[in-house]
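Engineer: how would this look folded up:
(one chain, ligands or ions: 2)
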Amino acid sequence: MGQSVRVRVPATSANLGPGFDTLGLALGLHDEIELAELDGGPSVVEVHGEGAGRVPRDERHLVLKAACATYELAGVERPALHLTCHNVIPHSRGLGSSASAAVAGIVAARALLGPGEAPDDEAVLDLAARFDGHADNVAACLYGGLVVTWCTGGSFRAAHLEPHPDVVPVAFVSEHSSSTEATRGLLPDRVPHADAAFTAARSALVVHALTRAPELLLPATEDRLHQPYRRPAYPATAALVDALRDAGVAAVVSGAGPTVLALTTGEALPDDLPTSGFEIVGLPIDTVGAVVTS
Ligand SMILES: Nc1ncnc2c1ncn2[C@@H]1O[C@H](COP(=O)(O)OP(=O)(O)O)[C@@H](O)[C@H]1O
Ligand SMILES: N[C@@H](CCOP(=O)(O)O)C(=O)O
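Structural biologist: Ligands and ions are numbered 1, 2, ... in the order given. Predicted structure coming up:
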């Protein structure tokens with residue numbers, strides 16, 4: 001075997017209510033991968049934990065594909081690779097597992113590429129966003145903390161912000177899965193101008209609430225752009241979001257769902273919530289993002 005690297009990537013929650021396709025938050029739940037260059041032969045994929053026995057273990061594997069895309073971007077012939085995945089982030093629940101997989105592969109391949117060959121930070125973000133299709137998830141995964149993402153001149157960009165220390169996320173991880181692609185299919189091509197204006201105000205306010213004024217999180221997390229349209233895909237998720245919000249807790253659908261994210265300030269949650277089918281997990285905000293650990 002040639003040189004190898006180990007990379008740790010956080011889970012992420014996208015949208016945060018009104019920030020559809022724009023806002024992302026990194027959470028303290030991590031996958032780890034090892035990527036090693038082989039002297040020859042076909043690439044090898046080992047998967048432990050989440051997805052083992054379900055995800056493909058050949059060139060279609062997301063982490064390996066993302067690593068290959070990085071060599072291609074760098075214009076460097078790719079060696080055969082040995083990939084080992086230790087997965088914890090649940091798949092298809094709205095916690096950005098596919099984005100974390102893409103970031104893991106890209107960051108690992110960048111570390112293996114020589115100086116002068118590796119893509120710079122902007123190119124890495126753009127590649128990851130194109131590869132996964134969700135800049136909000138990949139930017140949070142790369143940088144940690146809170147991100148605002150946008151696309152300009154055909155390239156994805158991100159601003160990194162420090163969340164207020166009083167913000168305490170609690171995830172209600174659904175035992176059911178939901179395909180992001182499928183729930184995007186529920187979104188209309190057009191929305192009423194009043195709903196766009198309503199949500200634009202909340203989207204700006206939620207950045208203020210998350211960084212400076214957590215007491216505004218409940219009004220700041222209202223959304224009319226995506227959650228109302230996705231409700232039929234997961235009634236239990238919709239009911240839990242409603243119950244939490246009725247009790248004064250700033251709850252949103254995490255990403256495309258069906259997990260629910262409550263952005264609390266550490267207050268006790270009501271004990272009469274409709275949580276059947278959900279695992280309640282306190283997840284601190286990850287402030288460092290993807291790291292090469294060795
Ligand atoms: N670590 C991983 N390794 C390989 N494939 C993965 C990994 N994480 C996610 N995937 C693939 O992505 C799919 C989930 O993507 P998606 O529907 O966007 O949900 P999520 O909200 O978890 O990102 C999984 O079914 C699996 O095929
Ligand atoms: N902005 C995207 C985010 C998808 O996140 P995921 O964690 O559900 O993959 C969307 O809302 O579709």
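Engineer: quick one: which helix or strand includes Ala104?
Structural biologist: Assigned by DSSP states H and E, Ala104 belongs to helix 97-112.
Engineer: One more: Glu59?
Structural biologist: Using DSSP H and E, no helix or strand contains Glu59.
Engineer: My read is that it contacts Cys68, right?
Structural biologist: Yes: contact criterion Cβ atoms under 8 Å: Glu59 and Cys68 qualify, at 7.3 Å. Yep, even glycine has a C-beta here, placed from its N, CA and C like the rest.
Engineer: Among those two, which residue is more densely surrounded?
Structural biologist: Cys68 (17 against 12; other Cβ atoms under 10 Å).
Engineer: Pretty sure that one sits against Glu77.
Structural biologist: No: the criterion here is Cβ under 8 Å, and Cys68 misses it with Glu77 at 11.0 Å.
Engineer: And Val138, how close does it get to Leu29?
Structural biologist: 16 Å (Cβ to Cβ, to the nearest Å).
Engineer: which of the two has more neighbours?
Structural biologist: Set side by side, Val138 and Leu29 show more neighbours around Val138, with 35 against 21, by other Cβ under 10 Å.
Engineer: mind checking the SS state of that one?
Structural biologist: Assigned with DSSP: H, G, I helix; E, B strand; the rest coil, Val138 falls in the helix class.
Engineer: mind listing what it touches?
Structural biologist: Ala99, Ala102, Val103, Leu125, Ala128, Ala129, Phe131, Asp132 (Cβ atoms under 8 Å, 6 or more residues apart in numbering).
Engineer: Which single one of the residues you listed is nearest to Val45?
Structural biologist: Taking Cβ to Cβ as the measure, Val45 sits nearest to Ala102 out of these, at 15.0 Å.
Engineer: and the closest one, what does it touch?
Structural biologist: Contacts of Ala102 by Cβ under 8 Å, 6+ apart are Leu62, Val63, Ala66, Ala128, Phe131, Asp132, Val138.
Engineer: and the residue lying closest to Asp195 once chain neighbours are set aside, what does it touch?
Structural biologist: Counting by Cβ to Cβ, 6 or more residues apart in numbering, the nearest residue to Asp195 once its immediate chain neighbours are dropped is Arg224, at 3.9 Å. Counting by Cβ under 8 Å, 6+ apart, Arg224 makes contact with Val191, Asp195, Phe198, Thr199.
Engineer: Name the member of these that has the highest neighbour count.
Structural biologist: Busiest of the contacts of Arg224 [other Cβ under 10 Å] is Thr199, holding 21 neighbours.
Engineer: Does that one lie in a helix or a strand, and which?
Structural biologist: Going by DSSP H and E, Thr199 is part of helix 193-211.
Engineer: With just CA atoms, put that helix into PDB.
Structural biologist: Output in PDB follows, covering the C-alpha atoms of helix 193-211 (Å, rounded to 0.1, in the frame of the first residue of the first chain):
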ATOM      1  CA  HIS A 193     -45.000  36.200  -3.900                       C
ATOM      2  CA  ALA A 194     -46.400  36.700  -0.300                       C
ATOM      3  CA  ASP A 195     -45.000  33.400   0.800                       C
ATOM      4  CA  ALA A 196     -41.600  34.200  -0.800                       C
ATOM      5  CA  ALA A 197     -41.500  37.600   1.000                       C
ATOM      6  CA  PHE A 198     -42.600  36.000   4.300                       C
ATOM      7  CA  THR A 199     -39.900  33.400   4.100                       C
ATOM      8  CA  ALA A 200     -37.200  35.800   3.000                       C
ATOM      9  CA  ALA A 201     -37.800  37.800   6.200                       C
ATOM     10  CA  ARG A 202     -37.500  34.700   8.300                       C
ATOM     11  CA  SER A 203     -34.400  33.500   6.500                       C
ATOM     12  CA  ALA A 204     -32.600  36.800   7.300                       C
ATOM     13  CA  LEU A 205     -34.000  36.700  10.900                       C
ATOM     14  CA  VAL A 206     -32.900  33.100  11.500                       C
ATOM     15  CA  VAL A 207     -29.300  34.000  10.800                       C
ATOM     16  CA  HIS A 208     -29.600  36.800  13.400                       C
ATOM     17  CA  ALA A 209     -31.300  34.400  15.900                       C
ATOM     18  CA  LEU A 210     -28.800  31.600  15.500                       C
ATOM     19  CA  THR A 211     -25.800  33.900  15.900                       C
END
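Engineer: Near ligand 1, which residues of the stretch 151-294 of the chain? Just list them.
Structural biologist: Ser179, Thr180, Gly255 (Cβ under 6 Å from any ligand atom).
Engineer: if I read this right, Ala220 contacts Thr211, doesn't it?
Structural biologist: No: in this structure, Ala220 is not within contact of Thr211 by Cβ under 8 Å, at 11.0 Å.
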